[in-house]
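K.L.:
Predicted model and sequence below, questions to follow.
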Amino acid sequence: MYASSGADGANAQLYSITGGANQKWIVKAEKDGMKIISALSSSLVLDIQGGTVQNESGIGLWLDKASPWQRFTFQH
(Lines give C-alpha, C1' and ligand atoms only; values in the text may rest on other atoms or scores of the structure.)
Protein backbone atom coordinates (compact mmCIF):
# COMPACT_ATOMS: atom_id res chain seq x y z
CA MET A 1 0.00 0.00 0.00
CA TYR A 2 1.23 3.47 -0.80
CA ALA A 3 2.92 5.17 2.15
CA SER A 4 1.73 2.49 4.59
CA SER A 5 -1.85 3.73 4.29
CA GLY A 6 -4.47 1.75 6.16
CA ALA A 7 -7.36 3.89 4.95
CA ASP A 8 -10.40 2.69 3.03
CA GLY A 9 -9.76 3.07 -0.68
CA ALA A 10 -5.97 3.11 -0.44
CA ASN A 11 -4.67 2.01 -3.83
CA ALA A 12 -2.65 -1.20 -4.14
CA GLN A 13 0.37 -0.65 -6.37
CA LEU A 14 3.74 -2.18 -7.19
CA TYR A 15 6.61 -0.80 -5.14
CA SER A 16 10.16 -1.76 -4.21
CA ILE A 17 10.40 -4.29 -1.37
CA THR A 18 10.75 -2.63 2.03
CA GLY A 19 9.55 -5.43 4.31
CA GLY A 20 6.91 -3.18 5.87
CA ALA A 21 3.49 -4.37 7.02
CA ASN A 22 1.98 -2.48 4.07
CA GLN A 23 3.58 -5.12 1.82
CA LYS A 24 2.46 -8.20 3.76
CA TRP A 25 -0.75 -10.14 3.20
CA ILE A 26 -2.62 -13.07 4.70
CA VAL A 27 -4.55 -15.27 2.26
CA LYS A 28 -7.51 -17.01 3.86
CA ALA A 29 -9.78 -19.57 2.21
CA GLU A 30 -13.49 -18.73 2.44
CA LYS A 31 -16.39 -20.74 0.99
CA ASP A 32 -16.79 -18.19 -1.81
CA GLY A 33 -13.09 -17.66 -2.68
CA MET A 34 -9.87 -16.42 -1.18
CA LYS A 35 -9.84 -13.34 1.04
CA ILE A 36 -6.61 -11.32 0.94
CA ILE A 37 -6.15 -9.59 4.30
CA SER A 38 -3.75 -6.72 4.94
CA ALA A 39 -1.14 -7.17 7.65
CA LEU A 40 -1.91 -3.54 8.60
CA SER A 41 -5.29 -4.61 10.01
CA SER A 42 -7.26 -7.86 9.98
CA SER A 43 -10.41 -5.90 9.07
CA LEU A 44 -8.92 -4.60 5.80
CA VAL A 45 -8.94 -6.68 2.60
CA LEU A 46 -8.16 -6.25 -1.08
CA ASP A 47 -11.20 -5.12 -3.04
CA ILE A 48 -11.91 -4.53 -6.73
CA GLN A 49 -12.70 -0.84 -6.65
CA GLY A 50 -16.17 0.10 -7.80
CA GLY A 51 -17.21 -3.55 -8.01
CA THR A 52 -16.44 -3.57 -11.74
CA VAL A 53 -14.53 -6.56 -13.06
CA GLN A 54 -13.02 -5.39 -16.32
CA ASN A 55 -9.63 -4.57 -17.78
CA GLU A 56 -7.79 -1.89 -15.81
CA SER A 57 -10.11 -2.06 -12.77
CA GLY A 58 -8.36 -0.74 -9.68
CA ILE A 59 -7.61 -2.84 -6.62
CA GLY A 60 -7.56 -1.17 -3.24
CA LEU A 61 -7.87 -1.69 0.49
CA TRP A 62 -11.35 -1.68 2.08
CA LEU A 63 -13.11 -2.85 5.22
CA ASP A 64 -14.11 -6.50 4.88
CA LYS A 65 -17.79 -6.67 3.93
CA ALA A 66 -17.61 -10.22 2.47
CA SER A 67 -18.64 -8.87 -0.93
CA PRO A 68 -17.91 -10.80 -4.15
CA TRP A 69 -15.49 -7.99 -5.07
CA GLN A 70 -13.36 -8.98 -2.06
CA ARG A 71 -12.94 -12.64 -3.00
CA PHE A 72 -10.37 -14.00 -5.41
CA THR A 73 -9.42 -17.29 -7.06
CA PHE A 74 -5.95 -18.46 -8.01
CA GLN A 75 -5.07 -20.60 -11.01
CA HIS A 76 -1.78 -22.15 -12.00
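P.N.:
That came through, no problem. Numbering: from 1, shown residues only.
K.L.:
Not counting sequence-adjacent ones, nearest residue to the residue positioned nearest the centre of the chain?
P.N.:
Nearest to the geometric centre of the chain sits residue 46, at 1.6 Å (C-alpha atoms, centre = their mean). Leaving out its chain neighbours, the residue that sits closest to residue 46 by C-beta to C-beta, 6 or more residues apart in numbering is residue 36, at 4.2 Å. Bear in mind the C-beta positions are built from the backbone N, C-alpha and C, glycine included.
K.L.:
can you pull the contacts of that neighbour?
P.N.:
Contacts for residue 36 were tallied using C-beta atoms under 8 Å, 6 or more residues apart in numbering; they are 25, 26, 27, 45, 46, 72.
K.L.:
same question, residue 52
P.N.:
Contacts of residue 52 (C-beta under 8 Å, 6+ apart): none.
K.L.:
and it, what pLDDT?
P.N.:
According to the prediction, residue 52 has pLDDT 79.
K.L.:
and what of residue 1?
P.N.:
Here, the pLDDT recorded for residue 1 equals 53.
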